[in-house]
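A.B. asks: got a predicted model here, sequence first, then my questions.
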Amino acid sequence: MFLSITVLRSLTQNSAKRVLVTSTTSQSQRLLSSLSVTSSLLNIQSPMVSQQRYAARKGTRERKLVKKAKVDIKKEEFVPYHIKLAKMKAPDGPARELEKGKPEAIDDVYVTRHFMTKSISLSDAVQFHKETNHDSVYNKPNALISVKIELDMKLEKKNRYLDNFSRILLLPHHFDLNPPRKVLAFCKTDETQEEAFAGGAEAYGGVDLIKRIQSGEVSLNDYDYFVAHVNMMAEIVPIRGLMKKRFPALRNGTMGTNLAEMIERLSKGVEFSTTKDNYDLDYGSVMVPFGRLTMETSELEGNFAAILKDVETCRGRSSGAFITRCFVISPPSRERFVVNPDHYVGKKAASTTSQNPVDEDNEDEEQPDEDDENVKSKTRASA
């Protein structure tokens, strides 16, 4: 019995060993087969990987060997956005009418666009417009006559131009143009208030008027302009925020001692402002009416000269012509006549520095003559 048990144990141990050996051998065979498959795959893919690396390195070497060419970057000047838009929508030609290269007309009748424009006197221009607006033609005998003034807006510095400006001018000879503007005057004393009333102020007052404006009883929107006497400078400061740009000041001629003159100029004067071209920055123009065709020619000429002299005071440089050309216009007629502005404002030389050396040379040349005369006079006196 004991022997049979020992035999069975030995048999079971041997069978277990056989099972272990068979399992280990099968696992080792599987592992070897997987290793062989992976090695075969690596052998197949290894040439492709090495070729890609070699191509990439070859490309980098070639790029490094190529010399980089230097590119000169030109700095562009700053151009504002509205000027860029204007250049994108630029007109076909310049705003200023250029007449270079045109021949001068010999005959009395010629096509104006093919020849140089001839300037005429203001009296002739007025007479021509009277004939055009006669009852038998346009039937506008009381038509408004205006002047279009072309300006050179250049300043002394390069690429600098004069800004737009606005003016109010009281012409020497009044004519019906627009209804009088409403002017409010700030004045303290009885004398200044009487002066404001005589000048034609719509309303006037002192500290009481300022309090009524602050409370909202008096609306500033009902008035076009505001003037103030010098002695009211401190009192009107609290309402500066309500007036904003219309606040009286010495520099714009709305504060001073002569209230009657300021009120008359602001209420009855001719208001005009320049318009600068967005493309040709050196070109500006202004249109100003200066009378009616029923007025006397001498009165029209006086108003015309006053306008040109006032515009000339706004020039931005000391040398060169500011007013380049003047057109006299009277709608509905489409005719326009050129009048030379030099007869009214004078002609300024383009550069005055070139004349100074010549003058100095002339003075040097005159000095020896004077010295010779002095020597001769001395010799005569000694004799």
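C.D. replies: Structure received. Residues are numbered from 1 along each chain as shown.

A.B. asks: what packs against whichever strand or helix holds residue 328?
C.D. replies: For residue 328, the element it lies in under DSSP states H and E is strand 323-329. Packing contacts for strand 323-329, counted by 3 or more Cβ pairs under 8 Å, 6 or more residues apart in numbering; DSSP states H and E, involve helix 122-132, strand 144-152, helix 297-312, strand 336-339. Every C-beta, even on glycine, is put in place using the N, C-alpha and C of the backbone.

A.B. asks: determine the angle, from 0 to 180 degrees, between it and helix 297-312.
C.D. replies: Strand 323-329 runs at 140 degrees relative to helix 297-312, counting by axes from the mean of the first three to the mean of the last three Cα atoms, to 10 degrees.

A.B. asks: distance check, residue 288 against residue 164.
C.D. replies: Counting by Cβ to Cβ, to the nearest Å, the separation of residue 288 from residue 164 is 15 Å.

A.B. asks: who has more neighbours, the two?
C.D. replies: residue 288 (21 against 11; other Cβ atoms under 10 Å).

A.B. asks: per-residue confidence at the nearest residue to that one once chain neighbours are set aside?
C.D. replies: The shortest distance from residue 288 to any non-neighbouring residue, by Cβ to Cβ, 6 or more residues apart in numbering, is to residue 272 (4.6 Å). pLDDT for residue 272: 93.

A.B. asks: list the contacts for residue 272?
C.D. replies: Contacts of residue 272 were listed using Cβ atoms under 8 Å, 6 or more residues apart in numbering, and they are 166, 167, 169, 286, 287, 288.

A.B. asks: could you do residue 200 as well?
C.D. replies: So residue 200 contacts 180, 183, 263, 264, 267, 268 (Cβ under 8 Å, 6+ apart).

A.B. asks: go on, residue 176?
C.D. replies: residue 292.

A.B. asks: roughly how far apart are it and residue 301?
C.D. replies: In terms of Cβ to Cβ, residue 176 sits 19 Å off from residue 301.

A.B. asks: likewise residue 255?
C.D. replies: 33 Å.

A.B. asks: now which of the contacts of residue 272 would you call buried?
C.D. replies: 167, 169, 286, 288 (16 or more other Cβ atoms under 10 Å).

A.B. asks: narrow those residues to those in strands?
C.D. replies: 167, 169, 286, 288 (DSSP state E).

A.B. asks: can you pull out the strands in this protein?
C.D. replies: 119-120, 144-152, 166-169, 183-186, 203-205, 225-229, 255-256, 270-273, 275-276, 283-292, 323-329, 336-339.

A.B. asks: tell me the most buried of those?
C.D. replies: strand 183-186 (a mean of 28; mean count of other Cβ atoms under 10 Å).

A.B. asks: follow-up on the earlier one: list only buried entries from the contacts of residue 200.
C.D. replies: Buried among the contacts of residue 200 (16+ other Cβ under 10 Å): 183, 263, 264, 267, 268.

A.B. asks: tell me which of those residues is nearest to residue 194?
C.D. replies: residue 263 (12.4 Å; Cβ to Cβ).

A.B. asks: against residue 189, how distant is that closest one?
C.D. replies: Residue 263 is 16 Å from residue 189, by Cβ to Cβ.

A.B. asks: averaged pLDDT, stretch 182-193. What do you get?
C.D. replies: On average, stretch 182-193 scores 92.

A.B. asks: from the chain's centroid, how far away is it?
C.D. replies: 38 Å (Cα atoms, centre = their mean, to the nearest Å).

A.B. asks: check stretch 301-319 too.
C.D. replies: 22 Å.

A.B. asks: neighbouring contacts of that stretch?
C.D. replies: In contact with stretch 301-319 (Cβ under 8 Å, 6+ apart) are residues 122-123, 147, 149, 151, 153-156, 161-162, 165, 167, 169, 171-173, 270, 286, 288, 290-291, 322-323, 326, 339, 341, 344-345, 348-352.

A.B. asks: buried set for that stretch?
C.D. replies: Neighbour-count burial for stretch 301-319 [16+ other Cβ under 10 Å]: 301-308, 310-312, 315-316.

A.B. asks: and of the residues you listed, the nearest to residue 99?
C.D. replies: Using Cβ to Cβ, these come closest to residue 99 at residue 308, 21.1 Å.

A.B. asks: let me know the pLDDT of residue 179.
C.D. replies: 88.

A.B. asks: and the gap between it and residue 268?
C.D. replies: 10 Å.

A.B. asks: cool, and residue 160?
C.D. replies: Taking Cβ to Cβ, one finds residue 160 at 36 Å from residue 268.

A.B. asks: how many residues are close by residue 213?
C.D. replies: 20.

A.B. asks: any weak-confidence spans in the stretch 51-200 of the chain?
C.D. replies: For the stretch 51-200 of the chain, residues meeting the criterion pLDDT under 70 lie at 51-61, 67-71, 89-94.

A.B. asks: quick one on the thing from earlier: which one, of the strands of the chain, ends up nearest to residue 100?
C.D. replies: strand 323-329 (13.5 Å).

A.B. asks: give me the residues contacting the closest one.
C.D. replies: Contacts of strand 323-329 (Cβ under 8 Å, 6+ apart): 96, 122, 125-126, 129, 145-152, 287, 308, 311-312, 335-341, 345.

A.B. asks: one more time with 7 Å, if that's ok
C.D. replies: 122, 125, 145-152, 308, 311-312, 336-339, 341, 345 (Cβ atoms under 7 Å, 6 or more residues apart in numbering).

A.B. asks: quick check: angle from it to strand 144-152?
C.D. replies: Using the same axes, to 10 degrees: strand 323-329 against strand 144-152 is 160 degrees.

A.B. asks: neighbouring strands - and their directions - for strand 323-329?
C.D. replies: strand 144-152 (antiparallel), strand 336-339 (antiparallel) (DSSP bridges).

A.B. asks: export stretch 289-301 to CSV, keeping only CA atoms.
C.D. replies: Extracted C-alpha coordinates of stretch 289-301, given in CSV (Å, rounded to 0.1, in the frame of the first residue of the first chain):
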residue,chain,number,x,y,z
PRO,A,289,-20.1,137.6,-52.2
PHE,A,290,-19.3,141.3,-52.4
GLY,A,291,-22.4,142.9,-53.7
ARG,A,292,-25.3,143.1,-56.1
LEU,A,293,-25.3,144.0,-59.8
THR,A,294,-27.5,147.0,-59.1
MET,A,295,-24.8,148.6,-56.9
GLU,A,296,-22.4,151.2,-58.3
THR,A,297,-19.1,149.9,-59.7
SER,A,298,-17.1,152.0,-57.2
GLU,A,299,-18.9,150.4,-54.3
LEU,A,300,-18.3,146.9,-55.7
GLU,A,301,-14.7,147.7,-56.1
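
A.B. asks: no further questions, thank you.
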